[in-house]
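>>> take this sequence and fold it.
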Amino acid sequence: MKNLYLITIILFTQMGFAQSTDTESVKATIDRFFEGFHKQDSIIMLETIDKDMILQTIGKDREGKTQVRSSEVSGFLKSIASIPKDKSFKEDLLDYNIQVDGDMAHAWTPYYFYFDKNFSHCGVNSFQLVRKEGHWKIIYLIDTRRKDCRVAED
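Numbers count the residues shown, from 1 in each chain. Okay, the predicted model is just below:
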């Protein structure tokens, strides 16, 4: 009976460790994506995304109606790379809520976005990732963009 108890504890410990390692790897992939984003380096960003990645944004149109806009990844990468070097931008991720099941992961990351050190908007990123050949790749990214948020005090 003691052996069965010991085996059960070892198995649960290993499962918890694997989950933690997966969570850390997913977070590292997202952090690497944003490293490339902030450096305006599409090569770094491409390391983190799947070739068939879907990119969407939820926002309001001029009449206040909810809209879902899709973007081509190549256009997104070009737009980031083409921001003039004399302009600054930063997306501050406030938290990571990561869930993993086998080779699929989901990450929910609330954020504030600043342009030229001025608050621009806030929202949430929702990442879907898949593990391919041992590496997490972003396959879907949808975000919300709002102006009605409380900016964190510095």
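>>> and the helices in the protein, which stretches?
For the chain, the helices defined by DSSP state H cover 2-39, 42-48, 73-81.
>>> and the shortest one, what's its mean pLDDT?
Within the predicted structure, the mean pLDDT of helix 42-48 is 97.
>>> for it, packing partners?
Applying 3 or more Cβ pairs under 8 Å, 6 or more residues apart in numbering; DSSP states H and E, one finds that helix 42-48 contacts helix 2-39, helix 73-81, strand 135-144. In short, each C-beta sits where N, CA and C put it, glycine included.
>>> who touches the last one?
The one in question is strand 135-144. 25-26, 28-30, 33, 48-50, 52-59, 68, 105, 111, 123-131 (Cβ atoms under 8 Å, 6 or more residues apart in numbering).
>>> quick check: angle from the longest strand seen in the chain to strand 135-144?
In the chain, with assignment by DSSP state E, the single longest strand is strand 118-132. Here strand 118-132 points in a direction 140 degrees away from that of strand 135-144 (axes from the mean of the first three to the mean of the last three Cα atoms, to 10 degrees).
>>> list the residues that contact the residue nearest to Lys90 when sequence neighbours are not counted.
Leaving aside its chain neighbours, Lys90 sits nearest to Tyr114 (4.9 Å; criterion: Cβ to Cβ, 6 or more residues apart in numbering). Each residue near Tyr114 by Cβ under 8 Å, 6+ apart is listed here: 88-92, 120.
>>> mind redoing it with 7 Å?
89-90, 120 (Cβ atoms under 7 Å, 6 or more residues apart in numbering).
>>> cool, and Ala107?
Ala107 touches 26, 30, 96-98, 127, counting by Cβ under 7 Å, 6+ apart.
>>> likewise for Ile80?
37, 40.
>>> what is the least confident helix or strand in this structure?
Here the helix or strand of the chain ranked lowest by mean pLDDT, DSSP states H and E is helix 2-39, holding a mean of 73.
>>> tell me how many other residues crowd Met53.
17 (other Cβ atoms under 10 Å).
>>> then the one 5 residues further on?
Neighbours of Ile58 under the rule other Cβ under 10 Å: 16.
>>> how about it: what's its closest non-neighbour residue?
Thr144 (4.9 Å).
>>> repeat that for Ala107.
Phe127 (4.2 Å).
>>> related to what we said a few turns ago, nearest to Cys149 among the contacts of Tyr114?
Nearest to Cys149 among those: Ser120, at 10.8 Å, using Cβ to Cβ.
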